[in-house]
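> Compute the structure for the input listed below.
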Amino acid sequence: MEITIERREGGSDFDFIYGDWTVHNRRLRNPLTGSNDWYEFDAEYTAQPIWKGKGNLDQFFGDSPLGFIEGLTLRIYNPQTRLWSLYWATSKNGLIVTPNVGSFDEHGVGEFFCNEEFDGKAIVSRYRWTQSYGAGCRWEQAFSADSGITWETNWIMEFTKK
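Below is the predicted model:
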């Protein structure tokens, strides 16, 4: 028996992120090593729609204890599949060509997944967006080295609108 899940129309799901933000970051220094050594830093963030809202682009600038991070995310919505594809790039490493793909639920929580490699290991990467969190919104990145059975959150961003 095949089960079909009806996805909701989500073309405006990222509208909440448009504008300028201050971002408090908390990152795990050595993911997937069993370490609990976190560091924190603040960053600037701006996001805008492209293609009349069918996609969006953001820029991230943060001076972390491990060095300056200049990042960019391109998000593109597919109205046929009702899924978003999120492409991350940094000025240091260039574009990551495998997108995290997913959607938001009716509660404003979005989950986006991809298979990738981290430190020579095959992992699953998960981005989780929470549209309403405190005075702003929240993003988390987690990795799974066991095909999604367990997850280790390794980067948390809490956004406050400027």
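
> for the protein, which residue is closest to the average position?
Centrality entry for the chain: nearest residue to the mean C-alpha point is residue 127, 4.2 Å, by C-alpha atoms, centre = their mean.

> Mind listing what's buried along the helix or strand where that residue lies?
Counting by DSSP states H and E, the secondary-structure element that holds residue 127 is strand 121-133. Neighbour counts using 16 or more other C-beta atoms under 10 Å place 123-131 of strand 121-133 among the buried residues. (Each C-beta comes from the backbone N, C-alpha and C, glycine too.)

> re the thing from before, report the beta-bridge partners for the residue nearest to the centre of the chain.
Residue 127 has the following beta-bridge partners by DSSP bridges: residue 112, residue 141.

> list the contacts for it?
When the contact criterion is C-beta atoms under 8 Å, 6 or more residues apart in numbering, the partners of residue 127 are 86, 100, 102, 110-113, 139-141.

> Residue 90 touches residue 69, doesn't it?
Yes. With contact defined as C-beta atoms under 8 Å, residue 90 counts as touching residue 69 (6.5 Å).

> Which one's more surrounded, the two?
Neighbours were counted for residue 90 and for residue 69 using other C-beta atoms under 10 Å; residue 69 has more, 17 against 13.
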